[in-house]
Every structure is written in structure tokens, then in C-alpha cells.
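# below is the sequence, then the predicted model.
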Amino acid sequence: MASLLIKNIKELITMDDQLRRFKNYSILIEDGIITEIAPEIDVEADEVIDAKDMWVFPGLINTHHHMYQTLTRNIPEVQDMELFDWLMILYPIWSRLTPEAVYTSTLLAGGELLKTGCTTTVDHFYVFPKDQPGTLIDEQIRAAKELGIRFHPCRGSMSRSKKDGGLPPDSVVQTPDEILKDCQRLIEKYHDNRVGSMLQIVLAPCSPFSVTTDLLKETIVLAREYGVHCHTHLCETKDEENYCLEIHGMRPLAYMESVDWIGPDVWYAHGIHFNNEELKLLAETKTGVAHCPVSNQKLASGVARVPEMLDMGIPVGLAVDGSASNDSSNMIAEMRAAFLLHRVIYGIKSMSAERALYLATRGSAQLLGRNDIGSIEVGKVGDLFMVNSNRLGFAGGQLDPVSALVHCGDTQIVDYTIVNGKIVVEKGKLVTVDEEKLIADANRISMQMIQG
Ligand SMILES: [Zn+2]
């Protein structure tokens with residue numbers, strides 16, 4: 001049995017139902033599961049961390065991302081474009097993705113996430129170039145295992161190209177038959193729904209303007225047969241709303257309801273342009289929303305009504321989205337963005353630092369349908385991160401660790417990240433991956449893709 005003892009914790013933020021915090025406590029993790037939380041734990045563990053200066057938080061959970069886009073972030077040409085124009089420039093560059101590019105970008109984005117306290121991540125991968133092998137998500141899974149991050153890869157898809165009235169070019173769309181066969185293959189090969197699972201497959205047609213109605217219908221039937229969750233982009237922009245009204249004669253959520261894409265096993269990325277009736281429907285059906293405040297601000301897509309959603313009981317999690325629309329994979333920065341954005345719109349009481357942390361932990365766990373992640377409690381998995389309180393950016397601000405994490409500077413690279421009881425970031429560095437080599441590989445592949 002593998003055991004890790006974290007002792008003398010300066011302050012432990014549990015995010016349990018009572019939002020309890022403990023000072024001078026210890027945690028024991030055995031075979032990936034938290035088995036004891038107490039002031040003193042007297043055992044001989046395989047590894048011991050003395051956390052006397054550390055604030056300890058539950059691992060953050062990222063509920064929407066496009067890791068391959070790390071290779072095309074910050075391209076000058078698209079910096080001042082809204083979503084549809086931005087996509088039209090980027091689709092041809094993305095059509096040059098190779099297995100090496102997908103593997104490397106997953107290491108890169110996953111590495112950034114781990115270094116900023118994220119222990120579980122979703123990735124929504126939907127670009128399958130015609131001249132490449134169909135096993136690109138397998139490359140992502142290989143990279144996630146190497147990093148040691150808990151992973152929910154979404155088998156994305158695009159089946160409606162320009163010639164059928166969609167947005168993407170022909171070179172990156174697949175037939176419904178190809179898509180559904182691969183969805184089934186991935187579920188049967190990888191999906192693990194046990195407590196403590198490191199890998200769960202999600203089915204995720206890309207958006208209403210890039211897939212056909214039949215594919216949406218068939219995907220949700222397949223997902224429910226296997227008990228896996230479904231995910232897509234929805235209500236991100238007014239352009240998308242106009243597209244749905246014009247092509248389907250319905251607003252986006254009505255369209256999704258018409259294809260049975262609603263319920264606690266479905267969550268949407270963005271969810272900005274819902275009206276009051278639609279919010280009520282989300283609350284009644286417990287359909288979830290992944291809030292992406294940085295991407296929404298950068299692409300000028302709008303502001304999701306998150307404080308109202310939370311008050312109504314709609315499941316809401318947090319996500320970095322991107323990377324071409326963010327352009328980082330930093331969940332602590334994302335919490336800060338959510339915290340600031342909603343205060344401007346909804347007032348000073350709408351979003352506390354603790355509420356932002358709740359979005360990134362418990363809220364996100366709910367979207368993924370998981371009870372074993374999102375808080376530090378006995379019986380849950382050993383996913384957490386630690387920041388050293390003795391830093392320049394925290395000096396003079398020691399009274400509240402959660403506020404310090406969300407408000408103060410100099411806090412974004414964490415000291416330790418632990419996933420399933422294993423140390424994967426130590427003293428701010430990735431443990432299992434050579435960071436220098438990763439940076440060089442990513443820059444080389446990125447230039448090849450951009451220059452064609
Ligand atoms: Zn997205």
C-alpha cells in the first residue's frame with residue numbers, strides 16, 4: 001500500500017459541506033484515498049511532507065478546454081476577432097494537427113494546469129484531420145497518464161462542414177458513422193466509472209453550427225447506453241443564437257431540448273445568452289454550465305449569469321477554455337477572473353473568493369457527476385495542492401488563505417500538487433515531465449503548424 005502523510009498543515013481548506021477549515025492538521029492518503037484527517041496522525045508513511053508553512057486546498061477541476069490550441073495561442077492575426085471570424089482563420093491551421101502535436105499539447109496544457117493547482121481536467125478535442133490516424137485522443141490519454149493528471153477526455157466531433165451549411169472546412173469533418181464508432185471504441189477501451197477513476201470518457205459534438213441534428217440525437221442515445229456524460233458548446237455568442245434561429249427555427253437551448261440534450265448528464269460550455277425561461281429549465285433539469293470568464297472576456301462573447309445561476313441551483317463549474325482564446329491553462333487565474341467579473345456586473349456580494357473556489361471544486365465536480373473529487377474529506381481521493389504562505393505576494397495578507405489565493409499576486413505557480421496521493425508537482429516543477437524539452441518541442445511543432 002502506498003501512503004503519503006502531510007503533517008502540520010498551517011491551514012487546511014476542505015470545501016466540505018460546512019466549508020470547514022482546520023489549523024495545524026494532518027492528512028493521511030493511502031492508495032489514493034484520504035483515510036484520516038486529524039490534528040496528529042501517528043503512522044509510518046512511505047512519504048511525509050512537513051506543511052508547516054503551507055495552505056492546503058482541494059485540487060481544482062477544469063471543465064472545458066481545447067489543449068491542442070496551446071500550439072496556436074497568441075497568433076497576432078486573430079487577437080481582435082470574435083468567435084466566428086476567429087474560427088475561420090484557425091480551422092486551416094488546426095487541420096495540420098499530427099499525433100505528435102496532440103500528445104505534446106496535452107503534456108503542455110496538462111502541465112500548466114497541474115502547476116496551477118488543477119488535479120482533474122476535461123479536454124474537448126474535436127479536430128480530426130482526414131490525413132491523420134483516428135487515434136488522436138489515445139495520444140492525449142497517453143500524455144495525461146504520463147503527467148499523472150485525472151482526465152476526462154471528450155470525444156468531440158464535427159460533421160457539418162461548409163457545404164452542408166456549417167462553419168468548418170471539409171478537411172476536418174467526419175461522417176456520423178466514423179464518429180459514433182470511435183466514441184464506442186473509446187468508451188469500451190478506456191472508460192472507468194469506479195470511485196477514484198483516473199479516466200472517464202465524455203461524448204462531445206462540437207457545437208450547433210458544426211454538427212448535424214442526427215449526430216446529436218445518436219450521440220446522446222449512445223452516451224446514455226453506456227452511462228457516460230455529454231458536453232458541447234452552447235449559447236457562447238449571439239452569432240450562434242442567430243444561426244440556430246435561422247437554420248433550426250429555434251433558440252439554442254430549445255434546439256438542444258428537441259434532441260434530448262438536457263439533464264444532469266449534460267453540461268454546456270459558456271452558457272452566456274440564456275433568457276429567464278431557459279435558466280429555469282436548466283435549474284429544473286440540473287443541466288450544467290462550464291463558466292469560462294477569461295475566454296468570454298477575451299472574445300467579447302458576453303457575461304454568463306453565474307451568480308443568478310448559482311442562486312437558482314443550476315450546476316456551474318469553472319473552466320479555462322482555450323487555449324487560443326485565453327491563452328493560458330491557469331485555474332487560479334480563472335478563479336480571479338470570475339471573482340472580478342461578476343462583482344462589476346452584479347455587485348460586491350455576488351461573488352466571494354470562497355464562491356469562486358467553490359465553482360472550481362464542488363461546482364465542477366458536480367458537472368462531471370463525481371462525488372469522489374472536489375473536497376478534502378475522508379473517503380474522497382487524495383487530490384490537493386499546497387501553496388507556501390511565506391511568499392512575497394502573500395506577505396502582509398496572512399489572515400484568509402482563500403482570499404489570498406484568489407486576490408493576491410505571485411500565487412499562480414503552486415508549490416505542490418498531489419493527484420491520487422502522488423506528488424506530481426514538487427517545489428513548483430513537474431515531477432514526471434522534462435519541462436525544458438517540452439517547451440522546445442511545443443515551440444517547434446507550433447511553428448510547423450502555423451507556417452504550414
Ligand atoms: Zn471551447
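In hand now; what should we look at?
# the ion contacts on the stretch 201-350 of the chain?
Residues of the stretch 201-350 of the chain found near the ion, taking C-beta under 5 Å from the ion as the criterion, are Ala269, Asp321. Every C-beta, even on glycine, is put in place using the N, C-alpha and C of the backbone.
# OK, contacts around the closest residue to Ala304 other than its chain neighbours?
For Ala304, ignoring the flanking residues on the chain, the nearest one in space by C-beta to C-beta, 6 or more residues apart in numbering is Ile272 at 4.8 Å. By C-beta atoms under 8 Å, 6 or more residues apart in numbering, the contact set of Ile272 is Cys235, Glu236, Thr237, Asn296, Ser301, Gly302, Val303, Ala304.
# how close does Ile272 sit to the ion?
Separation of Ile272 from the ion (C-beta to the ion, to the nearest Å): 12 Å.
# on that earlier part again, of all the contacts of Ile272, which comes closest to the ion?
Out of the contacts of Ile272, the one with the shortest distance to the ion is Glu236. That distance is 7.6 Å, counting by C-beta to the ion.
# for the closest one, phi and psi?
For Glu236, the backbone dihedrals (degrees, to the nearest 10) come out as phi -80, psi -40.
# can you check Ile187 too?
Listed backbone geometry of Ile187 is phi -60, psi -50, with angles given as degrees, to the nearest 10.
# which residues of the stretch 351-452 of the chain score low on pLDDT?
For the stretch 351-452 of the chain, the stretches with pLDDT under 70 are 411.
# what is the neighbour count of the closest residue to the ion within it?
Distances between the stretch 351-452 of the chain and the ion by C-beta to the ion are smallest at Leu367, namely 14.2 Å. Taking other C-beta atoms under 10 Å as the neighbour definition, Leu367 ends up with a count of 27.
# quick check: it vs Ala290, distance?
Separation of Leu367 from Ala290 (C-beta to C-beta, to the nearest Å) stands at 6 Å.
# overlap in contacts, those two.
Overlap of the contact sets of Leu367 and Ala290 (by C-beta under 8 Å, 6+ apart) consists of Thr63, Trp267, Val316, Gly317.
# pull the CA coordinates from the helix or strand containing the second one and hand them back as CSV.
Following DSSP states H and E, one finds Trp267 within strand 266-270. Listed in CSV are the C-alpha atoms of strand 266-270, where the atom choice follows Å, rounded to 0.1, in the frame of the first residue of the first chain:
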residue,chain,number,x,y,z
VAL,A,266,-25.2,17.1,-19.9
TRP,A,267,-23.1,20.2,-19.4
TYR,A,268,-22.6,23.1,-21.8
ALA,A,269,-19.5,25.3,-22.2
HIS,A,270,-20.1,29.1,-21.8
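# average pLDDT for that strand?
Model confidence over strand 266-270, given as mean pLDDT, is 98.
# verify the stated contact: Ser210 with Asp164.
No: the pair Ser210 and Asp164 fails to qualify as a contact (C-beta atoms under 8 Å) at a distance of 10.0 Å.
# for these two, indicate the residue with more neighbours.
Remark: of Ser210 and Asp164, Ser210 carries more neighbours, 24 against 10, as counted by other C-beta under 10 Å.
# give me the element Ala338 is part of.
Remark: Ala338 resides in helix 331-346, with elements defined by DSSP H and E.
# same for the next helix or strand along the chain from that helix, what does it pack against?
Secondary structure here is assigned by DSSP H and E; on that basis, the next helix or strand after helix 331-346 toward the C-terminus is helix 353-358. Counting contacts by 3 or more C-beta pairs under 8 Å, 6 or more residues apart in numbering; DSSP states H and E, helix 353-358 packs against helix 331-346, helix 401-407.
# what's next to helix 353-358, contact-wise?
Helix 353-358 is touched from outside by 13, 15, 19, 57, 310, 318, 335-336, 338-339, 400, 402-403, 405-407, with contacts defined as C-beta under 8 Å, 6+ apart.
# and stretch 82-89, by the same measure?
75, 77-78, 81, 167-168, 236-237, 239-240, 299-301, 324-325.
# please indicate which of those residues are buried?
Buried by 16 or more other C-beta atoms under 10 Å: Val78, Leu167, Pro168, Glu236, Thr237, Glu240, Leu299, Ser301, Ala324, Ser325, out of these.
# Leu12: what's it in contact with?
Leu12 makes contact with Arg21, Phe22, Lys23, Tyr25, Ile27, Ile37, Val56, Ile376 under the criterion C-beta under 8 Å, 6+ apart.
# which of those sits closest to Ala204?
Nearest to Ala204 among those, counting by C-beta to C-beta, is Ile376 at 29.3 Å.
# give me the subset of the contacts of stretch 82-89 lying in helices.
Where those overlap with helices, as defined by DSSP state H, the overlap consists of Asp239, Glu240.
# least confident pick among the contacts of stretch 82-89?
The weakest per-residue confidence within those falls on Ala324 (69).
# got the domain boundaries for this protein?
Under automatic domain parsing, the residue ranges defining each domain of the chain are 3-59+382-430, 60-367.
# so which of the ones you listed is nearest Gln448?
When the domains of the chain are compared by C-beta to C-beta, domain 60-367 sits nearest Gln448, at 7.4 Å.
# quick check: beta-bridge partners of the residue in the stretch 101-250 of the chain that the ion sits nearest to?
Of all residues in the stretch 101-250 of the chain, the one sitting closest to the ion is His233 (5.4 Å; C-beta to the ion). Judged by DSSP bridges, the bridge partners of His233 are Ala269.
# what sits against it?
Residues in contact with His233 (C-beta under 8 Å, 6+ apart) are Cys206, Ser207, Pro208, Glu240, Tyr268, Ala269, His270.
# can we see that at 7 Å?
His233 is in contact with Cys206, Ser207, Tyr268, Ala269, His270, counting by C-beta atoms under 7 Å, 6 or more residues apart in numbering.
# so the third one sits against Leu234, correct?
Yes: distance between Tyr268 and Leu234: 3.8 Å, which falls inside the contact criterion (C-beta atoms under 7 Å).
# quick check: phi and psi at the most centrally placed residue in the chain.
Centrality entry for the chain: nearest residue to the mean C-alpha point is Asn62, 2.4 Å, by C-alpha atoms, centre = their mean. According to degrees, to the nearest 10, the main-chain angles of Asn62 amount to phi -100, psi 120.
# just give the closest residue to it, not the sequence neighbours.
Thr121 (4.3 Å).
# tell me the pLDDT of that neighbour.
Reading off the model, Thr121 has pLDDT 98.
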